[in-house]
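Engineer: Based on what follows, work out the 3D shape:
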Amino acid sequence: MKLTRIAKLRLRVFRDFAWSKDLHPFAQFNVIYGWNGSGKTTLSGLLSLVEKKIALIEGDAELELDGATKVAGTAFASSPLPQVRVFNRDFVNATLSQAGGGIAPIYFLGEDSIEKQTRVEQLKKELATTDIKLRTAQTDKTRAESKLDDVCKDKAKLIKELLTTANSRTYNNYDKRNFRRAVEAMDAQQAMAATLTDEQKTPLHSQKNAQPKPLVEKVATPSIELDALTREVDTLVARSVVAQTLDELTSNAKLASWVQEGIHLHSGEHATDTCRFCQQPLQAGRRSALEAHFNDAFAIFQKDLAVLLSKLKAATQAVASLSLPDVSRFYEALASDVPSAGAMVVTAQSETQAALEVLIARVEAKRDQPFAPTATQTPAATKPSSITDAVAAFNEIVEKHNRISAEFTASVDSACKKLEASYVAEAHAEFVQLADAVKTATSKLEGIKATQASTQTQINELERAILEHRRPAEELTAELRAYLGRDELRFEVKGTGYALTRNGQYVANLSDGERTAIAFLYFLKSLQDRAFDLKNGIVVIDDPVSSLDDNALFSAFGYMKDRTKEAGQLFIFTHSFSFFRLVKNWFHHLPGQRKKKTEDRPGRFFLLRARCHANGSRTSELDHLDPLLEEYESEYQYLFKRVYEEAHRNDVVQLEHHYGLPNVARRLIEAFLAFRFPEMSGDLGPRLERVNFDNAKKTRILRLLNTYSHAGAIADPGHDLSLLAETQPVLRDTLEMMMAVDREHYDGLLKLVAIQPIEEQGEP
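Structural biologist: Below is the predicted model of the structure:
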């Protein structure tokens with residue numbers, strides 16, 4: 001696929017360009033010659049869009065491919081296009097990059113390598129920023145961990161101090177690790193449940209601090225059934241004795257008792273008929289009466305009363321003998337319960353004793369007056385407390401005490417665990433907050449570390465890719481020597497790029513010519529890449545020899561010719577006549593170049609012209625090459641003839657025709673003065689001062705040339721266009737000055753370009 005024509009173009013200096021019908025199409029080899037500012041950069045930039053498949057968004061363009069297919073500039077990104085490689089100023093800037101400073105900067109070759117190296121530098125800056133963030137994050141994490149650690153240590157120390165006891169060694173070595181395990185195993189709900197009040201902690205601390213005490217024997221419960229005794233008393237005192245009672249004895253219990261004892265002392269083994277009191281004989285009737293009073297039923301009754309009375313007194317004694325252990329024998333945790341339980345026992349004991357005393361009194365009264373009627377028992381207002389229940393309740397405390405003694409270590413451990421859980425729970429919220437801060441700081445740190453690792457990985461991969469595509473320094477040096485024709489610049493591998501030396505010294509700054517040469521060298525080498533099919537591709541070269549001297553220019557041309565001679569299609573843009581002449585000679589010797597029809601020739605020549613309009617605007621157009629450029633071997637000869645003809649033309653032309661002439665005249669006069677005064681260089685003014693010529697004319701020449709030559713951009717609309725109208729007279733002054741300075745040289749130029757001298761034409 002080849003580029004046949006630029007069908008139309010409206011872009012920058014190409015205001016409304018359309019391919020002329022009489023202009024031959026592009027061939028395999030094409031050279032486009034034009035002054036600075038004539039539009040070469042615009043055309044190479046347009047073809048760069050084709051190379052990169054980027055749609056044209058500024059202006060309008062249409063390319064004709066293979067003589068038939070037309071592609072609009074807006075469709076460059078989507079349409080099938082030929083492979084294109086473009087060398088221009090943008091390629092130079094994109095291909096050769098300088099990093100670092102000082103006496104040994106690093107240079108990188110290739111747009112891809114430069115992009116990668118630019119990305120590497122950017123990533124390294126990001127990495128430096130990440131390192132700062134990493135240190136900050138590490139400090140934040142360390143600070144958060146320190147705060148959490150301090151809390152863990154403080155809480156562990158508190159728990160150790162509060163819970164260390166001789167009764168348990170569990171907390172002797174309690175530290176922050178123990179605390180942390182405990183608090184991490186607890187959630188908010190468990191923490192709330194484990195938290196104790198001060199009142200709840202007090203007995204636990206007492207238990208924790210208590211010393212093991214001996215067992216306490218249970219209080220023996222008196223075997224008293226008060227209700228049964230009461231019923232027994234009620235039954236006995238209600239009994240009646242059938243006997244022949246003596247009123248005197250019945251009415252006097254003491255007397256009856258004395259008499260009954262006396263009968264006993266006068267009966268049985270003590271039997272006697274004489275009263276041992278008064279030594280008087282006992283009358284039989286009196287004895288019979290007394291014995292009838294104290295008969296067997298009475299004796300049995302008296303015995304039952306005595307038995308019951310003895311039983312009651314034994315019960316009273318049993319109740320009275322009941323004693324309670326001292327409260328000091330109990331653990332402090334139970335000390336508050338012992339007095340109240342003991343008081344209940346004492347109360348029951350007192351009430352039971354009182355009840356027994358009442359029963360005893362009733363029995364004794366019946367004994368003393370067995371024949372007296374029984375009084376009705378008045379019920380007690382309050383039933384006596386059950387001594388059995390009271391003792392049982394007290395013994396429950398005793399059992400607790402004994403259980404504590406039996407399980408003392410377990411109870412201490414339990415109390416300590418409850419207290420530990422409470423103290424841990426109290427710190428739970430603070431721990432969670434600080435732990436979350438540590439997690440946040442850790443997460444942030446890990447994220448930064450991941451970013452750091454990712455960035456470093458990208459840097460490593462990019463540098464590896466740069467190294468893989470980096471060509472050997474010796475090869476580059478050899479190619480540069482062949483290209484420039486001299487051996488003063490050398491490449492050295494340095495890092496991922498190159499260092500350049502000139503005569504053994506590091507190059508801190510490259511000239512524009514050297515930069516262009518190195519970039520062009522790389523461009524020509526890239527044409528051999530596998531990704532580019534040179535024989536079917538399009539190669540575009542824009543001013544490759546800028547700032548090169550003649551020797552280097554010839555070597556560069558030879559190198560370019562060798563690397564592009566097999567290109568499917570070649571475009572060369574240049575403003576250098578010397579370079580153009582070399583290309584022209586190459587094309588003239590191409591096979592088939594002598595064919596009569598231009599359309600049949602493989603090499604074709606084009607000229608870019610810039611035109612200035614009356615409104616101050618400037619346009620460019622692509623046209624046939626001026627025949628003069630093909631006729632003369634020297635740009636100097638061509639410039640002389642062009643100035644001579646323009647200075648002496650008689651037809652009327654538009655003002656725009658003169659726009660490029662100051663540039664032509666300046667180049668001519670600079671070349672002439674360079675030969676005349678080789679020791680001087682630089683600005684045109686000082687060299688004109690050396691010329692022995694009319695000062696007014698020299699001033700007019702310098703004014704025109706300085707104002708309208710070297711127009712790399714459109715001139716300021718404020719310029720005086722009337723000055724441009726003086727172009728033709730100033731051109732005559734220029735020729736007059738050349739003739740005045742070196743007439744022999746001037747005449748030689750006239751002969752060389754086949755122009756009859758003005759004098760011979762009869763002109764003044």
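
Engineer: What segments of the stretch 401-550 of the chain are strands?
Structural biologist: Assigned by DSSP state E, counting those that start in this stretch, the stretch 401-550 of the chain shows strands spanning 489-494, 497-502, 505-506, 538-542.

Engineer: Which one, of the ones you listed, ends up nearest to A128?
Structural biologist: A128 lies closest, by CB to CB, to one member of the strands of the stretch 401-550 of the chain: strand 497-502, at 19.8 Å. Placement of C-beta: from N, CA and C, glycine included.

Engineer: Compute the inter-axis angle for the closest one and strand 489-494.
Structural biologist: Put simply, strand 497-502 runs at 150 degrees to strand 489-494, going by axes from the mean of the first three to the mean of the last three CA atoms, to 10 degrees.

Engineer: Please identify the buried residues of strand 497-502?
Structural biologist: Using 16 or more other CB atoms under 10 Å as the test for burial, strand 497-502 gives G497, Y498, A499, L500, T501.

Engineer: same question for stretch 128-147, mean pLDDT?
Structural biologist: On average, the pLDDT along stretch 128-147 is 93.

Engineer: Show me which residues of that stretch are buried.
Structural biologist: So, applying 16+ other CB under 10 Å, buried residues of stretch 128-147: T130, K133, L134, A137, D140, K141, A144, E145.

Engineer: which ones are touching the fifth one?
Structural biologist: Read it as D140. The contact partners of D140, by CB atoms under 8 Å, 6 or more residues apart in numbering, come to A441, K444, L445.

Engineer: if we can go back for a sec, turn the strands of the stretch 401-550 of the chain into a markdown table, including mean pLDDT and distance to D651.
Structural biologist: Below are those laid out as a markdown table (pLDDT from 0 to 100; distance: least, CB to CB, whole Å):
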| stretch | mean pLDDT | distance to D651 |
| --- | --- | --- |
| strand 489-494 | 76 | 52 |
| strand 497-502 | 76 | 54 |
| strand 505-506 | 80 | 59 |
| strand 538-542 | 95 | 35 |
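
Engineer: Dump those strands to TSV, plus distance to Y423.
Structural biologist: Formatted as TSV, the strands of the stretch 401-550 of the chain follow (distance: least, CB to CB, whole Å):
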stretch	distance to Y423
strand 489-494	66
strand 497-502	65
strand 505-506	72
strand 538-542	84
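
Engineer: Relative to A194, which of those strands is closest?
Structural biologist: Closest of the strands of the stretch 401-550 of the chain to A194 is strand 497-502, at 67.1 Å (criterion: CB to CB).

Engineer: Which other helices and strands does the closest one contact?
Structural biologist: On a contact count with 3 or more CB pairs under 8 Å, 6 or more residues apart in numbering; DSSP states H and E, strand 497-502 meets strand 106-109, strand 489-494.

Engineer: Between strand 497-502 and the very next helix or strand once past the first one, find me the angle.
Structural biologist: Where DSSP states H and E defines the elements, the next helix or strand beyond strand 106-109 is helix 111-163. Orientation of helix 111-163 against strand 497-502 (the same axes, to 10 degrees) gives an angle of 130 degrees.

Engineer: So what touches the helix or strand following helix 111-163?
Structural biologist: Tracing the chain C-terminally past helix 111-163 and defining elements by DSSP H and E, one meets helix 176-184 next. By CB under 8 Å, 6+ apart, the residues outside helix 176-184 that reach it are D149, C152, K153, K155, A156, I159, E420, A421, V424, A427, H428, F431.

Engineer: looking at this protein, which helix or strand does the model trust least?
Structural biologist: The helix or strand of the chain with the poorest confidence is strand 106-109; it has a mean of 54 (mean pLDDT, DSSP states H and E).

Engineer: so who does the nearest residue in space to T42 that is not next to it in sequence touch?
Structural biologist: Counting by CB to CB, 6 or more residues apart in numbering, T42 lies nearest to R12, which is 4.8 Å off, once chain neighbours are set aside. R12 is in contact with G39, T42, G59, counting by CB under 8 Å, 6+ apart.

Engineer: Just confirm the second one is within a helix.
Structural biologist: In this case it means T42. Yes. Using DSSP: H, G, I helix; E, B strand; the rest coil, the assignment for T42 is a helix.

Engineer: What is the neighbour count of it?
Structural biologist: Around T42 there are 16 other residues, counting by other CB atoms under 10 Å.

Engineer: cool, the first one as well?
Structural biologist: Applying other CB under 10 Å, we find 27 other residues in the vicinity of G39.

Engineer: What of the last one?
Structural biologist: The number of residues packed near G59 is 14, by other CB under 10 Å.

Engineer: Surely it touches K8?
Structural biologist: No. Using CB atoms under 8 Å, G59 is not in contact with K8; the gap is 10.3 Å.

Engineer: So for this structure, which residue is the most central one in space?
Structural biologist: Nearest to the geometric centre of the chain sits G447, at 4.1 Å (CA atoms, centre = their mean).

Engineer: May I have the residues that are in contact with that one?
Structural biologist: G447 makes contact with no residue under the criterion CB under 8 Å, 6+ apart.

Engineer: In terms of residue numbering, what are the domains of the protein?
Structural biologist: 3-101+523-625, 244-294, 636-752 (automatic domain parsing).

Engineer: Among the ones you listed, show the one with the smallest mean pLDDT.
Structural biologist: Mean pLDDT per stretch puts domain 244-294 lowest among the domains of the chain, at a mean of 66.

Engineer: What is the neighbour count of F394?
Structural biologist: F394 has 25 neighbours, counted by other CB under 10 Å.

Engineer: Just give the closest residue to it, not the sequence neighbours.
Structural biologist: Nearest one to F394, counting by CB to CB, 6+ apart, is A341 at 4.4 Å.

Engineer: now, which of the buried residues of stretch 128-147 sits nearest L570?
Structural biologist: Checking the buried residues of stretch 128-147 against L570 by CB to CB gives T130 as the nearest, at 48.4 Å.
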